[in-house]
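> Here is a sequence with its predicted model. Questions after.
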Amino acid sequence: MSVKIVVPASSANLGPGFDSLGLAVDRYLTLEVLDDEASKWQIEHDFGPKIPNDERNLIIKAALALEPKLSPKRLKVTSQIPLARGLGSSSSAIVAGLKLAQYFAQTAYTTEDLLQVATKLEGHPDNVAPALLGGLTVSVMLNGRPHSICASFPAEGLLAYIPDFELATKESRQVLPNELSYKTAVRAGSLGNALVAALLTNDLALVKELLEQDLYHEPYRQKLVPHLQLLRKLAHEVNADGTYLSGAGPTVMTLIGPAKMETLIKKARKQGLTGKFIKLEVDTLGARVER
Ligand SMILES: Nc1ncnc2c1ncn2[C@@H]1O[C@H](COP(=O)(O)OP(=O)(O)OP(=O)(O)O)[C@@H](O)[C@H]1O
Ligand SMILES: N[C@@H](CCO)C(=O)O
């Protein structure tokens, strides 16, 4: 009986929800077990030579982080999630490895166990939580452990603009400040609080305002993603419902009804934006094992 693990992509931050809010979306990484009693760890993929095919691969490293005694397997991974684009590719790989270990381990690991290890490996919970749990997640670290509250998401459509260049999270985090002034920190926190409240009460008009008011990361990353402000301006012209930097970028996400998407895409092409547009929906299931 072949085992298949499916993990959704994720879009983190949602502006002022930096390092806390995340949303699972309907593009997937699929991990297949070709041989569950192999002589050594192997993983087939088409991500290119930079990605290892042995136990150095992030998927296998995540599996062994949870269950070090896991016996070697021959795996195959395919993915619709572009690497280093701000759609949670690393988190999808980590969660896939943890689900693999959970499936084969003798120990009954809980979802909370997986979230804890995933967050440790990724460094923050806002991509791994939606990848694991699905939907919209609001996460916080308490005593070194991640806690994620799951919620539904009010928008009726998502349009991602994926530029044709990579932006590694590590590089994108290097431009962030070490601290903020007390006044800015208080303001930034109130914007994030209000965004969560607007999302949980389906107040889309308020979500639209708050999504674009981040003070934690977008102002500093702007120079790395110059297309963000242009797309935000064009989205306002078609009366979309808010635009934010997806994760560490360079992908930009716009909340927009399907009927307006083509108009926005045409405007963007006229302005010389040559990246890929993909229409997305929220994934509500999160990571799952399919037989
Ligand atoms: N399926 C995979 N298998 C193995 N390694 C992967 C896989 N997907 C991502 N990675 C590793 O993660 C790196 C990309 O992670 P990074 O955090 O920079 O971007 P991201 O996760 O795509 O975007 P973001 O975290 O901003 O949403 C890749 O360069 C690769 O090293
Ligand atoms: N919150 C993270 C998401 C990317 O993994 C960041 O913006 O750096």
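Received the coordinates, thanks. Ligands and ions are numbered 1, 2, ... in the order given.
> Would you enumerate the residues in contact with the residue of the stretch 51-200 of the chain at minimum distance from ligand 2?
Nearest to ligand 2 in the stretch 51-200 of the chain, going by CB to the nearest ligand atom, is T169, at a distance of 4.4 Å. Glycine gets a C-beta too; all of them are placed from N, C-alpha and C. By CB atoms under 8 Å, 6 or more residues apart in numbering, the contact list for T169 reads A84, S90, G247, A248.
> mind redoing it with 7 Å?
By CB atoms under 7 Å, 6 or more residues apart in numbering, T169 lies in contact with A248.
> I'd say Y244 and L14 touch.
Yes: between Y244 and L14 there is a contact under CB atoms under 7 Å: 5.6 Å.
> anything in contact with each of the two?
Common contact partners of Y244 and L14 (CB under 7 Å, 6+ apart): L211.
> more neighbours, the two?
It is L14, of Y244 and L14, that has more neighbours when counted by other CB atoms under 10 Å, with 30 against 27.
> before we move on, which element is S10 in?
strand 4-12 (DSSP states H and E).
> Direction included, what does that strand pair up with?
Strand pairing for strand 4-12, determined by DSSP bridges: strand 21-35 (antiparallel), strand 288-290 (antiparallel).
> circling back to that earlier point, quick one: the residue of the stretch 51-200 of the chain closest to ligand 2 from K69, how far?
Using CB to CB, to the nearest Å, T169 is found at 30 Å from K69.
> residue ranges with poor pLDDT in the stretch 51-200 of the chain?
The model of the stretch 51-200 of the chain has no residue with pLDDT under 70.
> Compare the strands paired with strand 4-12 and give me the one nearest ligand 2.
The minimum distance between ligand 2 and these falls on strand 21-35, with 7.9 Å, by CB to the nearest ligand atom.
> That closest one: what's the following helix or strand?
Strand 21-35 is succeeded, C-terminally, by strand 42-44 (DSSP H and E).
> Quick one: the helices in this protein, in order.
58-66, 89-104, 111-122, 125-133, 169-174, 182-200, 204-210, 218-221, 227-237, 258-270 (DSSP state H).
> what residues are up against L180?
Counting by CB under 7 Å, 6+ apart, L180 touches A188.
> again, but for L273
Going by CB under 7 Å, 6+ apart, L273 touches Y161, H227.
> Return the residues of this structure in contact with ligand 1.
12, 29, 51, 57-59, 77, 79, 83-91, 93, 127, 168-169, 247-248 (CB under 6 Å from any ligand atom).
> which of these are buried?
12, 29, 51, 57-59, 77, 79, 84-91, 93, 127, 169, 247-248 (16 or more other CB atoms under 10 Å).
> and the strands paired with strand 4-12 as JSON lines, adding mean pLDDT?
Converted to JSON lines, the strands paired with strand 4-12 look like this (pLDDT from 0 to 100):
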{"stretch": "strand 21-35", "mean pLDDT": "98"}
{"stretch": "strand 288-290", "mean pLDDT": "96"}
